[in-house]
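*Asks:* no sequence for this one, just the structure:
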C-alpha cells in the first residue's frame, strides 16, 4: 500500500487521463510520471530499465534522422524515463518510440515545413503554439546535446550511464526551465519531447511506434476496425483486438 501512495502511477494515469491516439498533450499532464519508476535510493527499478539497457539500436527498424547511435541512445533513455515499462506493459523503448521520433524528425515534422517560420520571433506564452526560430530537428539536436552536457557537468558521466534518479533530475531541470538553451526554452523542449513520446506510444504502428499495438492494448483502444455492426447493439463490454491501418490494406 505504501508503494501505491508514493505518487501517480502509470496505471492511474492511463485510467484517468483519457489520452487517445495522436492526442496533443499540453501543460504538465505527464510531468508527474518523470521519476515515478525510481526506488527510494534513486536507482533504476528492474521493470523500468531492463528493456532500456538491452535495447539494440541495430534492430530491424532503421535510423532516418540520427547519424550516430550515441545521440539516439540518449533520446531512448530520456523517453523511457518519461514513459517507463511497468506491469501494464512496455515503456517507450519497448513501444518503439525512439524510432517513431527519429522518423518524424527526418520528415516535415522535423523541418516544420507546414508551419510559418519567418520572424519576428518573440518568447511565446504557455498557451501559444510553436514560437521558436529553430526547427524541431534543430531543437532536438540541441536538447540531446544539453542532456549529455548536463550529465557531464553534474555527474561526470555520459547521460546513458546515469541511474534513474539522476536522469530524472536532469529531465526535471528541463521541465522547470532551469537549463539554458539557445533559440528555445528548455521547458518548451521538454513539452515537445513529452508530446512526441506520447504520440509515438499511441500512434498507428505504421509510423514505427506503438509496437505490436501494445500502446492501444494498454488503453483498451480498438484501433482501426472495419465496422462494429456485429456488436454495436450488444450491451456487454466488448474487448476488441486492435487493428492497424496496415492490416486494413490487406
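*Replies:* Structure received. It should be emphasised that the depicted structure is a prediction, and the values quoted were computed from it without experimental measurement. Numbers count the residues shown, from 1 in each chain.
*Asks:* contacts, neighbours, all on C-alpha from now
*Replies:* OK.
*Asks:* what separates stretch 207-226 from the chain centre, distance-wise?
*Replies:* Mean-position distance between stretch 207-226 and its chain equals 15 Å (Cα atoms, centre = their mean, to the nearest Å).
*Asks:* And the residue most central in space within the chain, how far from residue 226?
*Replies:* Centroid check for the chain by Cα atoms, centre = their mean gives residue 197 as the closest residue, at 1.7 Å. From residue 197 across to residue 226, the span is 28 Å (Cα to Cα, to the nearest Å).
*Asks:* so after the helix or strand bottoming out on mean pLDDT in the chain, what's the next helix or strand?
*Replies:* Taking mean pLDDT, DSSP states H and E as the measure, helix 46-53 is the helix or strand of the chain with the lowest mean score, a mean of 38. Using DSSP states H and E, the helix or strand that follows helix 46-53 in sequence is helix 69-82.
*Asks:* tally of neighbours for residue 228?
*Replies:* Per other Cα atoms under 10 Å, the neighbour tally for residue 228 reads 9.
*Asks:* residues contacting it?
*Replies:* Going by Cα atoms under 8 Å, 6 or more residues apart in numbering, residue 228 touches no other residue.
*Asks:* Look up the pLDDT of it for me, please.
*Replies:* Note on residue 228: pLDDT of 76.
*Asks:* what's stretch 230-239 in contact with?
*Replies:* Against stretch 230-239 from outside (Cα under 8 Å, 6+ apart): residue 220.
*Asks:* May I have the distance across it, first residue to last?
*Replies:* Stretch 230-239 end-to-end distance (Cα to Cα) = 13 Å.
*Asks:* so where's the chain uncertain?
*Replies:* The chain contains residues with pLDDT under 70 at 1-60, 124, 126, 248-250.
*Asks:* can you rerun that using 80?
*Replies:* Within the chain, the stretches with pLDDT under 80 are 1-61, 115-132, 221-223, 225-228, 231-233, 237-238, 240-241, 245-250.
*Asks:* where exactly do the helices run in it?
*Replies:* 10-16, 46-53, 69-82, 97-105, 108-111, 136-155, 164-175, 186-202, 214-219, 245-248 (DSSP state H).
*Asks:* ranking those helices by burial, who's on top?
*Replies:* Stretch with highest mean neighbour count among these: helix 97-105 (a mean of 25; mean count of other Cα atoms under 10 Å).
*Asks:* which strands and helices sit next to it?
*Replies:* helix 69-82, helix 186-202 (3 or more Cα pairs under 8 Å, 6 or more residues apart in numbering; DSSP states H and E).
*Asks:* give me every residue that touches residue 98.
*Replies:* Contacts of residue 98 (Cα under 8 Å, 6+ apart): 72, 75-76, 79, 92, 197, 200, 209.
*Asks:* Just name the closest of the residues you listed to residue 131, please.
*Replies:* residue 197 (20.2 Å; Cα to Cα).
*Asks:* Can you give me the distance of the closest one to residue 247?
*Replies:* 24 Å.
*Asks:* With residue 219 instead?
*Replies:* 20 Å.
*Asks:* same deal with residue 189?
*Replies:* 34 Å.
*Asks:* Next: residue 178.
*Replies:* Taking Cα to Cα, one finds residue 178 at 45 Å from residue 247.
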